[in-house]
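In: sequence-free structure coming up:
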């Protein structure tokens, strides 16, 4: 399993890709065969999306359609072993000059160390509310 610094950098790159938006950066965070599932409290789950292309294809229209400014804050990393890493999400949104906490959640991931550094091979995001 990659060291803590590399794991933190991977989560930071993923957050930045969502905030900027940056498709190439987002693609670089996942293995080719990665999976992603989204659970939103009180709503239907989405996924699992199988493969990096499907994951990016899900994210980019949403990210590109947002007209506000977003900051994905990743904290409370828990290295569980066997490549499994959990982290908390706090999603801060600024819209029309007003900044608020939009949602919070838990990332449950599996991280593998590849030739180009660590990548997510699986990700489940459980949100406390919509985004």
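Out: Right, received. Where do you want to start? Since the model is a prediction, treat every value here as computed from it, not as a measurement.
In: can we go C-alpha only for contacts and neighbour counts from here?
Out: Will do.
In: give the contact list for the closest residue to residue 52 other than its chain neighbours.
Out: Leaving aside its sequence neighbours, residue 52 sits nearest to residue 32 (C-alpha to C-alpha, 6 or more residues apart in numbering; 5.0 Å). The neighbours of residue 32, taking C-alpha atoms under 8 Å, 6 or more residues apart in numbering as the test, are 51-53.
In: which one's the longest strand in the protein?
Out: Longest strand in the chain by number of residues (criterion: DSSP state E): strand 98-114.
In: What lies in contact with the very next helix or strand once past that one?
Out: Next along the chain after strand 98-114, taking DSSP states H and E as the criterion, comes strand 117-127. Residues from elsewhere that reach strand 117-127 (C-alpha under 8 Å, 6+ apart): 2, 6-7, 10, 28-31, 33-41, 103-113.
In: tell me the SS of the residue nearest to residue 52?
Out: strand (DSSP: H, G, I helix; E, B strand; the rest coil).
In: circling back to that earlier point, what lines up beside the longest strand of the chain in the sheet?
Out: According to DSSP bridges, strand 98-114 has the following sheet partners: strand 84-95 (antiparallel), strand 117-127 (antiparallel).
In: so how far is that strand from its chain's centroid?
Out: Its chain's C-alpha centre and that of strand 98-114 lie 5 Å apart, by C-alpha atoms, centre = their mean, to the nearest Å.
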